[in-house]
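In: Only the shape, not the letters, is given here:
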């Protein structure tokens, strides 16, 4: 018992030492506040108005400038085809030879009948003159004079009739030579030598198309037409008088057509099935690159926007309702939100109608880390990554409304 008591007494200083060493240290460990969060960094671009030429890129198809369907004007037998299919022909060039023998015979018959009528005419005219003098002296009756005068008029009419018949036969003989009414490229022939053809038959013998110049017909929606008129009336865009009717063409493979075209007219009728009107352009086609029926895109100039505001597309987001918004940095270095009205996409940028002013600093990168009202550290967007349109540069685009 005495030994256990001594051990317990000896352990008391050790416990006191341990507890004494732990308690002071625990009192000094106070909770420390976290370090302040760093200010988020955002990249911005400064809005600067610029002059751009707005164009609408519209899909369309080419069509021949002139088309002539070759049909015979007389009945007959095709003796020979006088052209090469797919070649270029000139106006007045003979294409088919119809057997001229029947028409030459008709001329001979009509000429003979005309000669007979002309041979009998002097005698009948003399007889009518004598009866006219005799009826004044009462030597012949009035009835005899009337019969002689009627015979003279009939003989004169016969001469006129046969003269017209000769001319008709001569015209028909000319129709035996089927010629091209226009210059252009001729397609395949639907008949061969020895075929029988009829006058004005439904099926053409061949078709000629003039390809230089050539038409390009593109539809434009009435909504775009009205929107363009409204922009012009509001003064948001101006028409460049020197280039208002100039049109550029993009081929089906994406290559740009080298020659510039001209807007000829805008149709006055609206297609009820597509709610669009047709724009017709004329393009030179000296090398025959454009063929009828090709799919192309025409860049039609709408006008010049003198104070266009363009911002990168990644700077625009959407609110829960789908409205476009952009974040800006105000003069106090805090984030602000602007509701936008977008006109259209131009390449990788948006053309802003309303919502931004010159000098606004729009956040392009870092939008996910900030909220309206938060302070930010602003850095300019790297020059190599800036996306913009040089002032005065013509912009080719497909209209996109928002």
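Out: Thanks, I have it. Please read all numbers here as calculations on a predicted model, not as lab measurements. Numbering: from 1, shown residues only.
In: which helix of the chain spans the most residues?
Out: The longest helix of the chain (DSSP state H) is helix 101-136.
In: which other helices and strands contact the helix or strand just after that one?
Out: Counting by DSSP states H and E, the next helix or strand C-terminal to helix 101-136 is helix 142-175. Under the contact criterion of 3 or more CB pairs under 8 Å, 6 or more residues apart in numbering; DSSP states H and E, helix 142-175 touches helix 101-136. For every residue, glycine as well, the C-beta is placed using N, CA and C.
In: Okay, buried residues for the helix it packs on please.
Out: Under the neighbour-count criterion of 16 or more other CB atoms under 10 Å, helix 101-136 has 102-103, 106-107, 110-111, 113-114, 117, 124, 127-128, 131, 135 buried.
In: got the angle for that helix vs helix 142-175?
Out: For helix 101-136 against helix 142-175, the angle by axes from the mean of the first three to the mean of the last three CA atoms, to 10 degrees is 160 degrees.
In: What's the mean pLDDT across helix 101-136?
Out: Helix 101-136 carries an average pLDDT of 88.
In: and that helix, how far out from the chain's middle?
Out: Offset of helix 101-136 from its chain centre (CA atoms, centre = their mean, to the nearest Å): 65 Å.
In: Would you enumerate the residues in contact with the residue most central in space within the chain?
Out: Closest residue to the average C-alpha location of the chain: residue 218 at 3.1 Å, with CA atoms, centre = their mean. Neighbouring residues of residue 218 by CB atoms under 8 Å, 6 or more residues apart in numbering: 58, 59, 60, 278, 279, 281, 298, 300.
In: In terms of residue numbering, what are the domains of this protein?
Out: Domain assignment for the chain, taken from automatic domain parsing, gives 46-63+211-395, 72-99+176-203, 101-173.
In: For residue 38, which of these is the nearest?
Out: Nearest to residue 38 among the domains of the chain is domain 46-63+211-395 (8.4 Å), distances taken as CB to CB.
In: Figure out how far the closest one is from the centre of its chain.
Out: Using CA atoms, centre = their mean, the offset of domain 46-63+211-395 from its chain centre is 16 Å.
In: mean confidence for it?
Out: On average, domain 46-63+211-395 scores 83.
In: Check for me that residue 39 belongs to a helix.
Out: No - going by DSSP: H, G, I helix; E, B strand; the rest coil, the assignment for residue 39 is coil, not a helix.
In: Now do the contacts for the nearest residue to it once chain neighbours are set aside.
Out: Excluding the flanking residues, the one nearest residue 39 by CB to CB, 6 or more residues apart in numbering is residue 377, at 4.8 Å. Residue 377 makes contact with 39, 40, 41, 42, 333 under the criterion CB under 8 Å, 6+ apart.
In: Can you list the buried residues in the strand or helix carrying residue 302?
Out: Assigned by DSSP H and E, residue 302 belongs to strand 295-312. For strand 295-312, a neighbour-count test (16+ other CB under 10 Å) marks 296-305, 308-312 as buried.
In: So which elements touch that strand?
Out: Counting contacts by 3+ CB pairs under 8 Å, 6+ apart, strand 295-312 is packed against strand 50-70, strand 206-221, helix 222-234, strand 246-250, strand 276-283, strand 349-354, strand 361-365.
In: how much does it deviate in direction from strand 206-221?
Out: Using the same axes, to 10 degrees: strand 295-312 against strand 206-221 is 20 degrees.
In: Let me see the confidence value for the closest residue to residue 74 other than its chain neighbours.
Out: In this structure, residue 74 finds its nearest non-sequential neighbour in residue 175, 4.5 Å apart by CB to CB, 6+ apart. Confidence at residue 175, expressed as pLDDT, is 95.
In: My understanding was that residue 175 contacts residue 96; is that so?
Out: No - under the criterion of CB atoms under 8 Å, residue 175 makes no contact with residue 96, lying 10.5 Å away.
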